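*Asks:* A structural model of the following input is requested.
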Amino acid sequence: MKVLVTGGAGFIGSHTVDRLLTHGYEVRVLDALLPPVHPQPVWPPDLPADIERLHGDVRDRDALARALRGVDAVIHLAAYQDYLPDFSTFFHTNAVGTALIYEIAVAERLPIRKIVVASSQAVYGEGWYHCDRDGDQYPPPRPVEQLERGEWEPRCPVCGDTMSWQPTDERRVDPHNQYALSKYTEERIALVLGARWGIPSVGLRYSITQGARQSFTNAYSGILRSFSVRLLTGKRPIAYEDGQQLRDYVYVGDVARANVLVLEDDRANGRAFNVGSGRPTSVLDYAERIARYLGSDLTAETPGLYRAGDTRHIVSDVSALRALGWEPEGTLDMIIAEYVEWARRQPALRDHYGEAMARMIASGTLRRAHG
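*Replies:* Residues are numbered from 1 along each chain as shown. Below you'll find the predicted structure:
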């Protein structure tokens with residue numbers, strides 16, 4: 001069986017390629033090799049030599065058609081990720097690129113057995129909370145006026161009181177930013193068109209995926225890259241808000257296993273699943289763990305910066321995927337150790353945070369509270 005992995009030269013893509021090969025699949029990779037993930041249009045050394053490589057963009061019909069012909073299944077990971085307000089690029093890449101896969105498959109009557117698409121935990125927005133007075137709530141984005149005062153916790157949309165976060169399952173979505181909107185659109189394209197045209201499809205809503213091979217130049221790759229590189233270069237990590245926001249960090253190897261599991265298990269067809277650790281970790285706790293591993297006494301700064309459209313707390317309920325036999329195996333300390341040792345071996349190790357921060361401030365994505 002031959003599987004096409006779009007975005008296969010990227011972080012999750014390369015680990016998924018490794019997993020497919022261990023399961024005996026033939027693999028073809030399509031990747032545009034574009035910044036910020038790939039500063040230069042060259043294939044990364046992590047990709048095995050015994051796979052077919054196609055350089056092309058999922059928005060290019062001819063390139064995508066060549067990639068789709070002769071494969072039995074697709075794991076669609078190619079995506080645009082950033083914090084910048086270039087809204088149309090998110091939809092041209094994430095939504096239109098996905099629609100084009102189905103368009104070509106239907107037009108050419110390609111015998112594709114399954115398509116797995118990468119969605120995101122971001123589709124939930126603030127997710128599920130509970131108010132002691134008004135019960136379960138799915139709050140809207142925190143108002144800018146509140147964030148400017150440095151008041152970080154979401155308020156009950158009914159009574160205005162503080163609430164407690166709950167693990168968020170797959171039942172309800174409320175995307176709050178351009179990336180989340182584009183990923184939910186991608187997911188719906190896949191599940192609806194897949195059902196309509198008889199192409200079994202699955203959506204996977206990844207939590208914040210972490211591990212070796214994360215790009216040093218991609219600002220979206222998260223705090224493992226940012227905090228580790230700053231500490232390795234003798235600088236304090238910078239945490240947004242007060243650093244007490246809770247996140248769900250999942251090991252990239254667990255994500256790769258989920259990709260292959262739903263590819264092989266027909267019980268997943270037509271459904272969307274959370275892929276996370278199910279464990280809450282605060283940003284400051286994450287910084288402390290990295291510093292402890294490195295033997296550093298540097299602590300994270302909290303200068304009152306915040307990202308517009310960011311969520312406060314979001315942790316995934318992974319019960320649905322567990323019911324298919326999947327279990328998150330990677331611990332946060334294991335993720336940190338693996339990443340740091342990989343980063344130390346990279347000749348391109350450099351702190352790019354200052355450049356990324358300047359871009360986000362200039363675009364209005366990153367702001368400072370005045371409270």
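*Asks:* Trp342 is in contact with Ala212, correct?
*Replies:* Yes: at 3.7 Å, Ala212 and Trp342 qualify as touching, with contact defined as Cβ atoms under 8 Å. C-betas here are computed from N, CA, C, even on glycine.
*Asks:* between those two, point out the one with more neighbours.
*Replies:* The neighbour comparison of Ala212 against Trp342 (other Cβ atoms under 10 Å) goes to Ala212, with 20 against 15.
*Asks:* so which helix or strand takes in that one?
*Replies:* If you go by DSSP states H and E, Ala212 is not part of any helix or strand.
*Asks:* wait, what's in contact with it?
*Replies:* Residues counted as contacts of Ala212 (Cβ atoms under 8 Å, 6 or more residues apart in numbering) are 252, 338-339, 342-343.
*Asks:* now the helices for the stretch 201-350 of the chain?
*Replies:* In the stretch 201-350 of the chain, the helices defined using DSSP state H, counting those that start in this stretch lie at 223-232, 252-264, 283-294, 319-322, 332-344.
*Asks:* and what of the stretch 1-150 of the chain?
*Replies:* 11-22, 61-68, 87-90, 97-107, 144-148.
*Asks:* need the CA coordinates for the second one. PDB is fine.
*Replies:* I take that to be helix 61-68. Output of helix 61-68 as PDB, limited to C-alpha atoms (Å, rounded to 0.1, in the frame of the first residue of the first chain):
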ATOM      1  CA  ARG A  61      -3.400  21.500  -9.200                       C
ATOM      2  CA  ASP A  62      -0.800  19.900 -11.500                       C
ATOM      3  CA  ALA A  63       1.600  19.200  -8.700                       C
ATOM      4  CA  LEU A  64      -1.100  17.800  -6.400                       C
ATOM      5  CA  ALA A  65      -2.600  15.700  -9.200                       C
ATOM      6  CA  ARG A  66       0.900  14.100  -9.900                       C
ATOM      7  CA  ALA A  67       1.200  13.400  -6.200                       C
ATOM      8  CA  LEU A  68      -2.200  11.800  -5.900                       C
END
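*Asks:* and the angle for it with helix 97-107?
*Replies:* Computed by axes from the mean of the first three to the mean of the last three Cα atoms, to 10 degrees, the angle separating helix 61-68 from helix 97-107 equals 70 degrees.
*Asks:* tell me what helix 61-68 is packed against?
*Replies:* If contacts are counted by 3 or more Cβ pairs under 8 Å, 6 or more residues apart in numbering; DSSP states H and E, helix 61-68 sits against strand 2-6, strand 26-31, strand 52-55, helix 97-107.
*Asks:* ok, now how distant is the closest residue to Glu329 other than its chain neighbours from Arg307?
*Replies:* Closest residue to Glu329 apart from its sequence neighbours, by Cβ to Cβ, 6 or more residues apart in numbering: Asp254 at 5.8 Å. According to Cβ to Cβ, to the nearest Å, Asp254 and Arg307 sit 26 Å apart.
*Asks:* quick one, which of those two is more surrounded?
*Replies:* Asp254 (26 against 15).
*Asks:* how confident was the prediction at that one?
*Replies:* Listed pLDDT for Asp254 reads 98.
*Asks:* measure how far the helix or strand bottoming out on mean pLDDT in the chain is from the centre of its chain, please.
*Replies:* Ranked by mean pLDDT, DSSP states H and E, the weakest helix or strand in the chain is helix 353-363, scoring a mean of 81. The chain centroid and the centroid of helix 353-363 are separated by 20 Å, computed with Cα atoms, centre = their mean, to the nearest Å.
*Asks:* which neighbouring elements make contact with that helix?
*Replies:* For helix 353-363, the packing partners by 3+ Cβ pairs under 8 Å, 6+ apart are helix 223-232, strand 366-368.
*Asks:* flag every buried residue along the last one.
*Replies:* Applying a neighbour-count criterion of 16 or more other Cβ atoms under 10 Å, the buried positions in strand 366-368 are 366-367.
*Asks:* what's next to that strand, contact-wise?
*Replies:* Residues contacting strand 366-368 (Cβ under 8 Å, 6+ apart): 83, 147-148, 240, 303-308, 357, 360-361.
*Asks:* can you put those in a markdown table and add distance to Val74?
*Replies:* Output for those, formatted as a markdown table (distance: Cβ to Cβ, whole Å):
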| residue | distance to Val74 |
| --- | --- |
| Tyr83 | 28 |
| Leu147 | 39 |
| Glu148 | 44 |
| Tyr240 | 35 |
| Pro303 | 43 |
| Gly304 | 44 |
| Leu305 | 39 |
| Tyr306 | 37 |
| Arg307 | 32 |
| Ala308 | 34 |
| Met357 | 36 |
| Met360 | 33 |
| Ile361 | 38 |
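*Asks:* ok, of these, which come out buried?
*Replies:* Using 16+ other Cβ under 10 Å, the buried ones in the contacts of strand 366-368 are 83, 147, 240, 304-306, 308, 357, 360.
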